[in-house]
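**Q** following is a predicted model, sequence given first.
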Amino acid sequence: MVGIVSYGAYIPIWRISRDLLSKGAPGERSVAGKDEDSLTMAVAAAQNCLKDFDRESIDGVLFASTTSPFREKCAASTIAAALDLRRDIFTTDFANSLRAGTSALKAALSMVKSGMARQVLVTAADCRLGPPGSVFEQTFGDGAAAVLVGMEGLIADFEGDFSITDEIYDVWRRDIDLYVNSWEDRFIFLHGYQAVLSEVISGLMKKMGVEPKDVRKAVLPAPDLRRVMDLARALGFDPKTQLQDPLIDNVGNTGAAQPLMLLAAALEEASPEDRILLAGYGNGGDAFIFKVRAEIKKIDSKWRGVKSYLQRKKHVPDYATYLMWRKLVLTPPPRVPMSVSYPSATAIWRERKRIYSLHGVRCKVCGTIQYPPQRVCIKCRAKDNFEEVGLGGRRGKLFTYSFDFIRGNVPIGIVNLEGGGRLFLELTDVESGDIKIDMPVELVFRRLDLWREDGIYGYFWKAAPARD
Amino acid sequence: MPGVKDKVAIIGMGCTRFSEHWDKSVNDLIVEACYEAFEDAGIEPKDIQAAWIATAWSGELGRTLAYPLKLNFIPVTRVENRCASGHDAFINACYAVACGAFDVVLVCGAEKLKDTGLPIPGDYNPTTLYTSRVDTGYLPVTAWAMFALRYFHHYGIPIEEGRRILSKIAVKNHFNGYLAPKAQFRRRITLEEALKAPIIAWPLGLYDCCGIADGAAAAILVRADLARNYRDDYVLVKGVGMSTGVYQGQIMDDFPLAYIEENFRASRMAYKEAGIENPRKQLDLAEVHDCFTIHELVIYEDLGFSPRGKAKEDVENGTFELKGELPVNTDGGLKCFGHPLGATGLRMIYEVYKQLQGKADQRQVEIRNQRGLTHTCGGTPIDAQTAAVAILGLRGV
């Protein structure tokens, strides 16, 4: 049997009140931090998904997003490196459709079912831009989700699927567009979203012989609350009891990540024997039925589902901050003459283990963990006698800290890790007044704010306040 | 191990004013400092047999010195050890003279910083080891602020109390700098002014930070047995020491960041050579590397002037003030005299040289032990520093 082994959602800590985007607009939406993008959010979701799991049998990583930081460069390979996975695995990106998340899931199920892979990790993330002042800007949210597909240790069985393809301009971005375009509201709802999802979901239920009453939760993509409720009703579901809360009010529409994030939310609350219907939409539709197993009770749902993330939040202070974070308003770099150099792709390649996988070394003679990796032990001076040790995602305590005023009081600090080792890092997801010596922190994978990029996005680990 | 003690004599010194010399190039500063030294020593440039030029960022190669002075095709070594460059050049010149390779040499330190601001290479990140540019950048002030917070935490000093102690050091150095004609900042400040100054990197405020200046200083060294041919009040090198760290504070998870190991090691190397057992009692003055007030505070402990964790009590008691038990930074230190990196070590030697000769005017300290200490330290406490110490004295000690 093929199915779901684990799941993990990720919602950034930041929210912006919709009132700041349009006076009187209700609720809030999630906002990726200044140092987050779809790639880093996918890593965070994957870390949640893989917590307490061995990573050795993961034979593939799929990354689904319409907002990959790269047009030409495989983000899944970066994600696999950040997760410190084996080299002999399959990685690829699914893109260009809000359906990318469910399409990647379908590919993963096929890979495992066919025996091509033992486990495949599906990650999906989005960080879409609505034009400033638009309704999209208010309804979009940023976030990610991951699903581990396998054959053993399942928490939910995959029972069946159905897909259709469809050609329409409803929401789209051309290769030159920064913001999402859309056609007239009523047209795209009637002939796009509602028509296609009705067709694919009815088709699946008919194929499987499943009635609406047999479905415990319908996990449906939701551009907004009203449309998804109308759709659920039209399909014969009771929107109050059977529709998975689409998190429109407090997170927003997280694009390609939305179906998998809502699936994680459904699994977080699922009981054994529950049947979950999942659908994705975007120039066609994918639909799946999963049946929850008793093993669902064994998995630690905290920080896997969305509940803890909905509680954990900080508010973006104003719209200008949001615009600067998304680089829609550019500020000149600080003036420190003759002091800026470009990142070297050669150096990044050479140091990829210590950068992406955050490998340090442990001295085989004296046991001291050291980062970055050394040739000669700082403690006992033994030469070339180390074993590598992955430090990504570890927790620790803040040893000391300060603020770099040149870059606008960016907090930086020294962290002593649980299990040994010391790192000097930037701090993130924290406000200056909340930083204290000895505060618990955890290492998170983030994008760097380089003054001069030379076409390169730097990625590295930072320390964030530890989640409890 | 034969050292340099009593084998090398300083027979002449020069120092420009340390300032924002908008109208002077590094060549102008070098010519001014070196010609003052030539005149003080009573020699001609042609008498120089070898030379060292210390500069962190204001020139490459020995030509940085040879070209402005038109030295006559002699050996010239360019030395870079960040803020310890001046001492490093001085120490290497001492080794060359002590071993008999040369009789008369010139050491010059020079820096021109105000054209560009402080140019620290590579996203102002001292960790230039890594060109992948993923490691976080930081300024010296940020690193020292991290050290200060940890130092206060280590000894249970409330931050506000710690800030007041640091401000007292700034007030002392401003008092001394007011009396030094060649200092960059010649203005007395009050404790309240220091405490209320803008924060640069918490908990360090404006007056906890030294001034970035342009300047040059120079020394003429000769074999000690030749010194009397030039002057009676020559000053002897009594001991030198250097130590370089290995990123212990950033890598070793048990390293406390409550002291500077490099300072401790460099000073003990110099004390051993100079025969000093109790620096607080055996020195008349010390010029130390107060790039930030927190550094001066911990130097008192690293160099053995105060017991560990007790420097604040000595600050409260005025131990290191001009009329105190051991005056420190009698010319205002880096804080007020200014800090043109490569020149700073030689500026300190200049001050001790003048003090030992009794030529320090209003800042003159009582010369009882005939010995003074100078100390610089390049780098920051969260990376790997180079600390250097030179102890100078008169004949017969």
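**A** That came through, no problem. Numbering: from 1, shown residues only, chains lettered A, B, ... in the order given.
**Q** interface residues of chain B facing chain A?
**A** B:116-117, B:119-124, B:130-139, B:142-143, B:145-147, B:149-150, B:153, B:200-202, B:246-253, B:255, B:257, B:382 (C-beta under 8 Å from any C-beta of the partner chain). Using the backbone N, CA and C atoms, a C-beta is placed for each residue, glycine as well.
**Q** which among these end up buried?
**A** For these, a burial check counting by 16 or more other C-beta atoms under 10 Å in any protein chain shown picks out B:120, B:122-124, B:130-139, B:142-143, B:145-147, B:149-150, B:153, B:200-202, B:246-253, B:255, B:257, B:382.
**Q** state the helix or strand in which A:Leu423 lies.
**A** strand A:422-426 (DSSP states H and E).
**Q** which other helices and strands contact that strand?
**A** Contact here means 3 or more C-beta pairs under 8 Å, 6 or more residues apart in numbering or on different chains; DSSP states H and E; on that basis strand A:422-426 packs against strand A:410-417, strand A:440-447, strand A:459-465, helix B:248-251.
**Q** ok, which of these comes nearest A:Tyr401?
**A** strand A:410-417 (3.6 Å; C-beta to C-beta).
**Q** now do that closest one: which elements does it pack against?
**A** Partner elements for strand A:410-417 (3+ C-beta pairs under 8 Å, 6+ apart): strand A:395-404, strand A:422-426, strand A:440-447, helix B:140-154.
**Q** is it possible to get a markdown table of those that adds distance to A:Ile79?
**A** Below are the helices and strands packed on strand A:410-417 laid out as a markdown table (distance: least, C-beta to C-beta, whole Å):
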| stretch | distance to A:Ile79 |
| --- | --- |
| strand A:395-404 | 21 |
| strand A:422-426 | 20 |
| strand A:440-447 | 9 |
| helix B:140-154 | 32 |
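**Q** output the ones you listed as JSON lines; include the columns mean pLDDT and distance to B:Gly162.
**A** Listed next are those as JSON lines, based on pLDDT from 0 to 100; distance: least, C-beta to C-beta, whole Å:
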{"stretch": "strand A:395-404", "mean pLDDT": "96", "distance to B:Gly162": "13"}
{"stretch": "strand A:422-426", "mean pLDDT": "96", "distance to B:Gly162": "22"}
{"stretch": "strand A:440-447", "mean pLDDT": "98", "distance to B:Gly162": "24"}
{"stretch": "helix B:140-154", "mean pLDDT": "96", "distance to B:Gly162": "4"}
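**Q** residue contacts, whichever residue of the stretch 251-397 of chain B sits closest to chain A?
**A** Using C-beta to the nearest C-beta, the single residue of the stretch 251-397 of chain B nearest to chain A is B:Asp253, 4.1 Å away. Contacts for B:Asp253 (C-beta atoms under 8 Å, 6 or more residues apart in numbering or on different chains) come out as A:369, A:416-417, A:420-422.
**Q** host element of it?
**A** Using DSSP H and E, B:Asp253 sits within no helix or strand.
**Q** how far away is A:Ser344 from A:Glu426?
**A** 20 Å (C-beta to C-beta, to the nearest Å).
**Q** actually A:Pro372, sorry about that
**A** For A:Pro372 relative to A:Glu426 (C-beta to C-beta), the value is 16 Å.
**Q** check contacts around A:Ala401.
**A** Slight slip there: residue A:401 is Tyr, not Ala. A:411-414, A:427, A:435, A:437, B:146, B:149.
**Q** the same query, at a cut-off of 6 Å, please.
**A** Each residue near A:Tyr401 by C-beta atoms under 6 Å, 6 or more residues apart in numbering or on different chains is listed here: A:413, A:435.
**Q** now the one 10 residues further on
**A** The neighbourhood of A:Pro411, defined by C-beta under 6 Å, 6+ apart, consists of A:403, A:427, A:435.
**Q** mind listing the helices for the stretch 201-350 of chain A?
**A** A:225-234, A:258-269, A:307-311, A:319-325, A:345-350 (DSSP state H, counting those that start in this stretch).
**Q** need the CA coordinates for the first one. PDB is fine.
**A** Extracted in PDB, the C-alpha atoms of helix A:225-234 (Å, rounded to 0.1, in the frame of the first residue of the first chain):
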ATOM      1  CA  LEU A 225     -13.900  31.900   1.700                       C
ATOM      2  CA  ARG A 226     -17.200  32.400  -0.200                       C
ATOM      3  CA  ARG A 227     -16.100  30.600  -3.400                       C
ATOM      4  CA  VAL A 228     -14.800  27.500  -1.600                       C
ATOM      5  CA  MET A 229     -18.000  27.300   0.500                       C
ATOM      6  CA  ASP A 230     -20.100  27.600  -2.700                       C
ATOM      7  CA  LEU A 231     -18.100  24.900  -4.300                       C
ATOM      8  CA  ALA A 232     -18.300  22.600  -1.200                       C
ATOM      9  CA  ARG A 233     -22.100  23.100  -1.200                       C
ATOM     10  CA  ALA A 234     -22.400  22.400  -4.900                       C
END
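**Q** centre of the chain to it, how far?
**A** Put simply, helix A:225-234 sits 26 Å off its chain's centre (C-alpha atoms, centre = their mean, to the nearest Å).
**Q** one more: the shortest one?
**A** In terms of C-alpha atoms, centre = their mean, the centre of helix A:307-311 is found 15 Å from the chain centre.
**Q** how about that helix: buried residues?
**A** For helix A:307-311, a neighbour-count test (16+ other C-beta under 10 Å) marks A:308-310 as buried.
**Q** could you do the last one as well?
**A** Within helix A:345-350, the residues that qualify as buried are A:347-348, counting by 16+ other C-beta under 10 Å.
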